[in-house]
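J.: How does the following fold in three dimensions:
(2 chains)
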Amino acid sequence: MQDNCLLQMRGIEKNFPGVRALGGVDFTLRKGEIHALMGENGAGKSTLIKILTGVYQMDGGEISLEGNKVSIRSPQDAQMKGISTVYQEITLCPNLTVAENMYIGREDSAWVKHKEYEKRAGAILDSLGIPARSSQQLGDCSLAVQQMVAIARAVDMKCKVLILDEPTSSLDDKEVNMLFDLMKDLKSQGVGIIFVTHFLEQVYEVSDRITVLRNGELVGEYLTEELPQVELVAKMIGKELDELSALSESEDKDHEAGEVFYEAKNLSSSDALPFDFSIRKGEVNGFTGLLGSGRSESVRAIFGADKVSGGTIKIKGDPVKITKPIDAMKNGIGYLAEDRKRDGIIAELSVRENIILALQVMNGFFKPIRRSEAEAFADEYIKVLNIKTASRETPVGSLSGGNQQKVILARWLLTHPDYLILDEPTRGIDVGTKLEIQKLVLKLAEEGVSVTFISSEVEEMLRTCSRLIVMRDRHIVGELKGKDLNQAQVMKTIAGGES
Amino acid sequence: MKNQTKKVFSGGLGQLTIPLVAIALLVIFNLFRDPSFFSIGIMHNNDGNIVLSGNLISIINGASELAILAMGMTLVTAACGGQDISVGAAAAIAGSVFVKILKSMPSITGGTVVLAFISACIVAMLFGTFNGTLVAVFKIQPMIATLILYTCGRSIAYWINGGATPTVSSPIISGIGSFIPGIPIPTPVLIVVLAAILFRLLFHFTSLELFTQSVGINGSAARLNGINSTFIKLLSFIILGICVAIAGTIGVSRLGLINHETLLLDVEMDTILAVAIGGNNLGGGKFKIGGSILGAYVIQMLTITLYAMKVSSTDVKAYKAIVIILLVVIGSPVVKARVSKLMSQLRTAKAENLTKGAQ
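T.: Alright, predicted model coming up:
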C-alpha cells in the first residue's frame, strides 16, 4: 500500500479569523484512483484543496508527495510539483482564445507562439472530443465547454494529481459521461484524481474511495463499494436522513392552489423565444430541460433580467409592464440568479449589506434603512436560515458557497415577495443546505408565495414542484403534473419523440 | 473616536491606517527636524483681522481644494472603477464662469456672489453630466472619456475670459479665499468641513453609499437587484461637478483673479493620489471619503515639509514621488497580507505566553 501512495496529507490545520476551517485532517490519495472528497458546505473541502494547491498556506500538518515531504508555496509551485486543479468556478480568461487559455502562464519561451499553441491545443481538444476550436475566444463557448477546456489544460500539464472541484455542476449528462470516460482514462494512466462533487450518483459511478469531512474534521475514509449511499449522506450531515425521506413523501403537493397570480402571453426577450406561462398563488412549479434549452432565459424574461421584447403580462388579472428588474420587484417578484458569483453576491460588502440590498432598492434612494434596523434584519435571517458566518459584518465573499446562497435567499425573503423565482438555488451546495432550501420552498408555498424552482437535479424538482414545464431547444414542449410527475416521464419529455 | 482608533490598530490594517501612519511619520519627522514647525501663531493680517498662522494652518488651508475634489473623486472611482482627469480643467471653467457672472453685475454683493457660485455649479454639473454620459451610457473608460474635457477645458475657460485674466476684488471674495472678519480659521478649511458634513448627511439620508459600492463591486448583480447603475454613475459625476465648482470658486477667491492657465493646474493627479493614499481601491467598490480627505492632507503636508526644508519647487516633485512610492508599496495588498500575518503570529504568541503564565 505504501508504495502506490501518491499523496499524503497529515494533520492539516487551517484557521481563518474567527473560524476554524480545518482541524487535523488526514487525506491519502493513491496512484490510479478516483477519490471523492465529500462534505457539506463549510466542511472544509475547498480549504483542503486550496492548501493542496498552494492558494492557502496551512497553519499545521504536513504534506508528502510520493513519499517526499513537500511544502507548497503557491499555485505555480503546485503545478510544478504535478498538482493541477479545475475549480468549481471557472478561473480562465474569457477574453483570450482557447489555446491561449491552455498555455497561459506556462509558455516555454518568452515568445508566444500562437500558431504552435493553437495546433497543440487543437490536437488535445480533438483527442478529448471537446467541441471547441482552439482559436475561438473562450468567452464565446458555453459554460460546459469552458469547464472542459479547463480540464484539458490540467490534463496537458502532465499532472500526477488532478483535482476536480465540482467539475460537473454545469455539464449535461452527455458531457458528464464524456468527462467520466476521460477520468477513467487518466486513472488507468496512474493519475490520482480528487473528485469533489455534490452529485451523489456521480460519486458512486466513478469513484474508488470516499473521504468524508464534516465541520473541518475528518469523519473517515471508505471504499465506495462498501459505503451505501444513505450512510454516506448520514456521515456528511451527521444525522440520520429520516427528514429527507419524509420530504420526498411529503404531503399532497397538489393542494388547492389559489387564483392565478402571474400570467404572461407571448413573453419574449432578447434571449428567450415567445412563450406563455402562468402561476397560481401558493404554487410551486419548475422549468426543466437540458442545458441551453432556454429554461433560465425564460425565467429571466419573467423578471425582466434580459431586454424584454414583447408580450403581455398580468398580475392578479391586472395588466402590468415588466421590462426591467425594478418593475418586477415592485410587482412582488424576486429572482435568485443562476450564477451566484456573477449575478448574486456583492462579494466585498458585508452579509448585512447584501441581505438588505433588494429591500433598500425597493424602499428607494431617499429612504435608507436605518443601521439598527438593518442589523436586526441581518441577525434575524442569519438565525432563520442558519447562515454560518463569523458576524453580520463579514464580507459575503469569504463565506462558503452554500452560505452565500442563503444570504441571497435572505435578501429576497426580506422583500416578502409574492412570487419568487429560484434559478438553480441548490447548485454547488451541500446536501444539508439543499434539503433546507427545498423545505423552505414548500414552506413559502404554504404561506401563499408562488415559487418557480429550477434545478438540474430532476429529483429535487419532483420533490418540490406540483407542475413541471419541460423545455427543449428554447421551446416549451410539455407540461407535467399529477401522476405524470416522475423521473421516467420527465426524461421522456425532455428527450422528445414520444407518442 | 477612541473606538475608531482601536479598530485601526487592533484590526491589523484598516483602510485609514496608511494615511494616519503617513501623517504620524511626517509629524515625527518634522518634530525632530524643527520643533517650531508646528507652532501656531496669532497675528493681524492685512485687513486687521486676528487670524491663526503657521505651517500647520497653511497645510490644512492649502489642501482645501484638493480635499474637496478628492471627496467627489472617491465617489466616481467607487462607482465607475476609473477616474476623472478633467477636474483641473473643469475647475478653470467653473472659476471663469464665477468671475464672468460677477463682472457682469453692477456691484459685488452677497446675492451676486451666490448667483455666480450657483452658475458655476450648474456649468460644472453640466460638464459632469457630459463626462458621466460618456462613461455610464456609452461605457467609455473614464480616463478616455474625461480626456476630452481635460484637453479642451482650459481653452473653453480662455473663451469665457476673452483671453484675459480678469480680476475681482471685494471683501466678500477675500472672505471666501482667506478669512472672514472675526473668524481666525481660514474660510477654505471651514468649507472643507462643511463639504464633509454634507457628504455625511448625503450618505445618511440616501442609499448612495450602498448603491455606489454595489455598482462598483458587481454591476451585473446590482442591476439584477433593481439598481439603476447608469443613474448612479451619472450621479457620481454630477456630484463631482459640484465639488469642482467649489474648488474653482475657492481657487479664484484666493487670488482675486482667474488665470485659466494656472488655476488648479495638475490637480487631477494629486486628487487621484489622495484617493489612493486614502486606501480606496482605484478599481472601484468599497470606499471611505474620510480616507481621501486624509490623503489630501498627507500630500499637502509633504509638500509644505519639503518647502520648509528649502527644497526648490522644481525638486519637490521628485522628492514627493519617493515618499509616494513608499506609501503605495506599504499600502499594497502584498505588504498588507505580510503584516497581518505577522500581527496574528504575534497575537498567538502573546496568547500562548498568557496561558503559560496562567499555568
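J.: Tell me which residues touch residue 152, please.
T.: Chain wasn't specified; assuming chain A. A:102, A:121, A:124-125, A:128, A:130 (C-beta atoms under 8 Å, 6 or more residues apart in numbering or on different chains). Any C-beta I mention is one placed from the backbone N, CA and C, and that applies to glycine too.
J.: The intended chain is chain B.
T.: Neighbour list for B:C152: B:A89 [criterion: C-beta under 8 Å, 6+ apart].
J.: Identify each buried residue in the helix or strand where it lies, please.
T.: Counting by DSSP states H and E, the element that carries B:C152 is helix B:142-161. Counting neighbours by 16 or more other C-beta atoms under 10 Å in any protein chain shown, one finds that the buried residues in helix B:142-161 are B:142-143, B:145-147, B:149-150, B:153-154, B:156-158, B:160-161.
J.: from the middle of its chain, how far away would the helix or strand harbouring A:V149 be?
T.: Using DSSP H and E, A:V149 maps to helix A:143-156. Offset of helix A:143-156 from its chain centre (C-alpha atoms, centre = their mean, to the nearest Å): 17 Å.
J.: Run me through the strand neighbours of the very next helix or strand once past it, direction for each.
T.: Going down the chain from helix A:143-156, the next helix or strand is strand A:161-165, by DSSP H and E. Sheet partners assigned to strand A:161-165 using DSSP bridges are listed as strand A:83-86 (parallel), strand A:192-196 (parallel).
J.: Report the buried residues of strand A:161-165.
T.: Buried-residue list, strand A:161-165, by 16+ other C-beta under 10 Å: A:161-165.
J.: One more: stretch A:347-365?
T.: If you call a residue buried by 16+ other C-beta under 10 Å, then stretch A:347-365 has these buried ones: A:347-362, A:365.
J.: model confidence over it, on average?
T.: Computed over stretch A:347-365, the mean pLDDT rounds to 95.
J.: tell me how far it is from the chain's mean position?
T.: 23 Å.
J.: what's the answer for stretch B:341-353, then?
T.: 38 Å.
J.: Quick one: the strands in the stretch 1-150 of chain B, in order.
T.: Per DSSP state E, counting those that start in this stretch, the stretch 1-150 of chain B carries strands over the ranges B:41-44, B:50-53.
J.: same deal with the stretch 201-350 of chain B?
T.: Counting by DSSP E, counting those that start in this stretch, one finds no strands in the stretch 201-350 of chain B.
J.: So which residues on it come close to chain A?
T.: Within the stretch 201-350 of chain B, the positions adjacent to chain A are B:204-208, B:210-211, B:213-214, B:217-218, B:220-228, B:285-286 by C-beta under 8 Å from any C-beta of the partner chain.
J.: give the contact list for the residue in the stretch 51-200 of chain B positioned nearest to chain A.
T.: The stretch 51-200 of chain B approaches chain A most closely through B:A78 (11.1 Å), counting by C-beta to the nearest C-beta. B:A78 makes contact with B:212-213, B:216, B:236, B:280, B:284-287, according to C-beta under 8 Å, 6+ apart.
J.: at 6 Å instead, please
T.: Going by C-beta atoms under 6 Å, 6 or more residues apart in numbering or on different chains, B:A78 touches B:212, B:216, B:284, B:287.
J.: count of neighbours near A:D126?
T.: 10 (other C-beta atoms under 10 Å in any protein chain shown).
J.: where does it land in three-state SS?
T.: Assigned with DSSP: H, G, I helix; E, B strand; the rest coil, A:D126 falls in the helix class.
J.: Could you measure from it over to A:A152?
T.: A:D126 is 10 Å from A:A152, where distance means C-beta to C-beta, to the nearest Å.
J.: for B:S174, same thing?
T.: As judged by C-beta to C-beta, B:S174 and A:A152 stand 72 Å apart.
J.: Any stretches of the chain with poor pLDDT?
T.: Using chain A. Along chain A, the parts satisfying pLDDT under 70 run over A:1-3, A:17-18, A:41, A:88-90, A:107-112, A:170, A:237-257, A:291-292, A:496-499.
J.: nope, chain B please
T.: In chain B (pLDDT under 70), the answer is B:1-13, B:354-359.
J.: Which one of the residues in it is closest to chain A?
T.: Nearest to chain A, among the residues of chain B, is B:G226, at 3.7 Å (C-beta to the nearest C-beta).
J.: who are the neighbours in contact with that residue?
T.: Contacts of B:G226 by C-beta under 6 Å, 6+ apart are A:325-326, A:329, A:361.
J.: switch the cut-off to 8 Å
T.: Going by C-beta under 8 Å, 6+ apart, B:G226 touches A:324-326, A:329, A:358, A:361-362.
J.: Include distance to B:L342 and mean neighbour count when you put the strands of the stretch 1-150 of chain B into CSV, please.
T.: Formatted as CSV, these follow (distance: least, C-beta to C-beta, whole Å; neighbours: other C-beta atoms under 10 Å in any protein chain shown):
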stretch, distance to B:L342, mean neighbour count
strand B:41-44, 43, 10
strand B:50-53, 42, 17
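J.: Find the residue closest to the residue of the stretch 51-200 of chain B closest to chain A in space, skipping its chain neighbours.
T.: Spatial nearest neighbour of B:A78, excluding adjacent residues (C-beta to C-beta, 6 or more residues apart in numbering or on different chains): B:F287 at 4.0 Å.
J.: what does A:E459 give?
T.: Of all residues not flanking A:E459 in the chain, A:Q487 sits nearest, at 7.1 Å (C-beta to C-beta, 6+ apart).
J.: For that neighbour, give its distance to chain B.
T.: According to C-beta to the nearest C-beta, to the nearest Å, A:Q487 stands 32 Å off from chain B.
J.: Tell me which helix or strand the residue in chain A positioned nearest to chain B sits in.
T.: Going by C-beta to the nearest C-beta, chain B is nearest to A:I326 of chain A, at 3.7 Å. Using DSSP H and E, A:I326 sits within helix A:325-330.
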